[in-house]
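[1] next comes the sequence, and after it the predicted model I'd like to discuss.
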Amino acid sequence: MKYKQKNTGFTLIELLVVISIIGILSTLAVVSLNNARVKARDAKRVSDIKQLQTALELYGSDANGYPAGSDLTLGIGGGVVLSKSGFEATASGTIYMGKVPANPTPGGIDYKYSSFTSSTTGTACGTAPCPWYQVLFSLEESTGSLPAGAHIADPNGID
């Protein structure tokens, strides 16, 4: 009796086609994953700023104004904690925000806090309580109703 041997392997062409399809699919997955990362960072930025505004309003209701500060980078150095003494490196007294958020990297700019004597003059306020503040931040892409680019958060909301 003779047995006929059957070829059970794949041809080179079949292997190349499968490898190309896998390559194309993985490229599409990486591109969509990068877009999701950008959107997640921007959503975190907006959430951080809203939480910071809430903490500043709590501070403002207790102190009848906002903490003093000029171009203070939040989340690092002296802007790590928001307590009764304002933004500082370590907590003391009443704590309004135990860990002030920093800008998620890569992309965007550091969150910058400044206090002012009024909403219109732009004159820096050196001693708390200050009647007005601004927090500068930026978005990489449009998020909700906010377009990409630099934005300002103040007692009136996010602009």
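    Arrived safely. Numbering: from 1, shown residues only.
[2] beyond the lowest-mean-pLDDT helix or strand in the chain, next helix or strand please.
    Taking mean pLDDT, DSSP states H and E as the measure, the helix or strand of the chain with the lowest value is strand 86-88, at a mean of 90. Using DSSP states H and E, the helix or strand that follows strand 86-88 in sequence is strand 95-97.
[3] against which helices or strands is that next one packed?
    Helices and strands touching strand 95-97, by 3 or more C-beta pairs under 8 Å, 6 or more residues apart in numbering; DSSP states H and E, are helix 12-63, strand 81-83. Quick note: C-beta positions are derived from backbone N, CA and C, even for glycine.
[4] including distance to residue 154 and mean neighbour count, could those go into a markdown table?
    Putting those into a markdown table (distance: least, C-beta to C-beta, whole Å; neighbours: other C-beta atoms under 10 Å) gives the following:
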| stretch | distance to residue 154 | mean neighbour count |
| --- | --- | --- |
| helix 12-63 | 9 | 13 |
| strand 81-83 | 16 | 21 |
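[5] and these: which comes nearest residue 138?
    Among the helices and strands packed on strand 95-97, the nearest to residue 138 by C-beta to C-beta is helix 12-63 (7.8 Å).
[6] and of the helices and strands packed on strand 95-97, who's closest to residue 150?
    Closest approach to residue 150 among those (C-beta to C-beta): helix 12-63, 11.6 Å.
[7] what's the average pLDDT for that closest one?
    Here helix 12-63 scores 93 as its mean pLDDT.
[8] still on that earlier bit, okay, now the sheet partners of the least confident helix or strand of the chain, with direction.
    Here strand 86-88 has these sheet partners by DSSP bridges: strand 81-83 (antiparallel).
[9] and for the strand it pairs with, what's in contact with it?
    Strand 81-83 is touched from outside by 52, 55-56, 59, 67, 87-100, with contacts defined as C-beta atoms under 8 Å, 6 or more residues apart in numbering.
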